[in-house]
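S.K.: Model the following, please.
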Amino acid sequence: MLPRSILAFALLLISVVPATPTDSSNESTGAPTFLYTEAKTYDPLAWQHGGERFASGAHIFVREGNSDHSLAPEFAATADPAVSFDAQKVLFSGKRQSNDPWQIWEITLEDKQVRRVTTGNEDCIRPFYLPDDRMVYARKLDGHFIIETVDLFSGKTLPLTYISSNAIPSDVLRDGRVLFESGFPLGTDGPPEIYTVYSDGSGIESYRCDHGVARHGGRQASSGDIIFVTDHGFARFTSAWAQQIAITSPKGEFVGDVAETSAGDWIFAWRRNVSSPFQLVRWKPGVREVEPIVVRSDVNLIQPTVLAQRTVPNHHPSGLHDWPNANLLCLNAYTSKSQFAAGSIQSVRLYTRDSDGGPRPLGTAPVEHDGSFFVHVPNDQPLQIELLDASGKTLKRESGFFWMRRGEQRVCVGCHAGPETSPENAVPMVLLKSTTPADMTGSSAQSAGGH
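M.R.: Prediction:
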């Protein structure tokens, strides 16, 4: 349903104040003011196993015209710049001292005042602004990254992901959803895939269902398309298609984080081959060649972020109810990418995970002749669906896991039906029999919204 010499290292981390870059070869004028990250080494998918993306440190620079200056020179390391909607502040991941954990900080560009946003001894990385003075970021917990939101003033946090595999945000969409990356199938350590979730943790889904290739570095363009990186270059999701569309890209390697200028140009990190460091280039989609705008001979230049005002995303009013657990209504399990003989689906079994990470059955419920079922499930933990025939044989079982938030009511068109499928205009048979969902929580208590 729902990828991837001790002494030298110590000396690099001791350098608290980075030198301003001096190699200005192959630079061009005309680019907007933007921020970028400089890193000696960079592993863009290290997060998939809870690893360090910047093993030799990193530093954010601001480029204005042909000059560069450090965003926060007093820090031992900085990365992941994210500009506020009014372009007055910047969130970033930072380390005051080289042996500190990564934490999220905010700097005011006018007076250079810096404040710490997150607390704790765990790494916190990859922040993005949300509406209503909140942000979303990834926190390392028990060895893997989960996604959280935090109120920038009260400090109140809310987890958004409830699986034991790694996940990090990559953008906040204009409709208010959080675009994030995790392994496929969800809940595993498979190749990276792109998902969305609302800012209250509800409505988790894969952005598209044509899985099979590694997809990461997703960002939303002004057109509304999601631009991301695959093994074969850039690709996009667009509302008109139910699968990814390849973008004819320049030859070379990309790491995502496309920054779009007001003129429609793209700024991104690119290198000709693995023996070269990443440089920042400007590219007009459809043109064969890239135009280098910032190049260094011995470091990678990544994570470009244009310093400009932008529209505040839609506020997402939470649809969660104040009752325990959650309700899931499937309208028709036969509406699926898999083929099932008419009348073959007799029941549905749900699983969660035990303390060792193995599957633990929660129970079974009948599936009506029209393929509908209605179940009451535990909240904020991994869930997996299995469809069974009359003899109890498995017809189809999810490869990964999803979750539902406390008080969430979710309606699915079918089982892995795809985002292009709309429901039939009919009342599901399961609701004609009863509006009380089958209890899969291991308790006789029912949700107040299940009656």
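
S.K.: List phi and psi for A46.
M.R.: When quoted as degrees, to the nearest 10, the phi and psi of A46 stand at phi -60, psi -30.

S.K.: what residues are up against the closest residue to A46 other than its chain neighbours?
M.R.: Distances taken as CB to CB, 6 or more residues apart in numbering put R53 closest to A46, at 4.6 Å, once the chain neighbours are dropped. Yep, even glycine has a C-beta here, placed from its N, CA and C like the rest. By CB atoms under 8 Å, 6 or more residues apart in numbering, the contact list for R53 reads 39, 42-44, 46-47, 79, 125.

S.K.: check contacts around E424.
M.R.: 331-332.

S.K.: what's the pLDDT at it?
M.R.: Reading off the confidence values, E424 has pLDDT 82.

S.K.: Wasn't it part of a helix?
M.R.: No - per DSSP: H, G, I helix; E, B strand; the rest coil, E424 lies outside any helix segment and is coil.

S.K.: Tell me how far it lies from L91.
M.R.: 45 Å (CB to CB, to the nearest Å).

S.K.: Looks like E181 contacts P192 (just checking).
M.R.: Yes - if you go by CB atoms under 8 Å, E181 and P192 touch, sitting 5.2 Å apart.

S.K.: Which of these two has more residues huddled nearby?
M.R.: Between E181 and P192, E181 has the larger neighbour count (other CB atoms under 10 Å), namely 31 against 27.

S.K.: contacting residues around that one?
M.R.: 47, 167-170, 192-195, 216-218.

S.K.: Switch those over to JSON lines; also include distance to M404, pLDDT and secondary structure.
M.R.: What follows is the contacts of E181, written out as JSON lines (distance: CB to CB, whole Å; pLDDT from 0 to 100; DSSP: H, G, I helix; E, B strand; the rest coil):
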{"residue": "W47", "distance to M404": "25", "pLDDT": "97", "secondary structure": "helix"}
{"residue": "A167", "distance to M404": "16", "pLDDT": "98", "secondary structure": "strand"}
{"residue": "I168", "distance to M404": "21", "pLDDT": "98", "secondary structure": "strand"}
{"residue": "P169", "distance to M404": "20", "pLDDT": "98", "secondary structure": "strand"}
{"residue": "S170", "distance to M404": "23", "pLDDT": "98", "secondary structure": "strand"}
{"residue": "P192", "distance to M404": "23", "pLDDT": "97", "secondary structure": "strand"}
{"residue": "E193", "distance to M404": "20", "pLDDT": "97", "secondary structure": "strand"}
{"residue": "I194", "distance to M404": "20", "pLDDT": "97", "secondary structure": "strand"}
{"residue": "Y195", "distance to M404": "15", "pLDDT": "97", "secondary structure": "strand"}
{"residue": "H216", "distance to M404": "25", "pLDDT": "97", "secondary structure": "strand"}
{"residue": "G217", "distance to M404": "28", "pLDDT": "96", "secondary structure": "strand"}
{"residue": "G218", "distance to M404": "24", "pLDDT": "97", "secondary structure": "strand"}
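
S.K.: Could I have the buried ones of these as PyMOL selection syntax?
M.R.: Buried residues within these, by 16 or more other CB atoms under 10 Å, are selected in PyMOL with:
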select buried, resi 47+167+168+169+170+192+193+194+195+216+217+218
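
S.K.: Of all pairs in the contacts of R53, which one spans the longest distance?
M.R.: A39 and W47 (14.4 Å; CB to CB).

S.K.: dump the residue contacts of the residue lying closest to V213 once chain neighbours are set aside.
M.R.: Excluding the flanking residues, the one nearest V213 by CB to CB, 6+ apart is T230, at 5.1 Å. Contact analysis of T230 by CB under 8 Å, 6+ apart lists 213-215, 244.

S.K.: hey, where'd the helices end up in this protein?
M.R.: 6-14, 429-433 (DSSP state H).

S.K.: looking at those helices, which has the lowest confidence?
M.R.: What stands lowest among the helices of the chain, in mean pLDDT terms, is helix 6-14, with a mean of 34.
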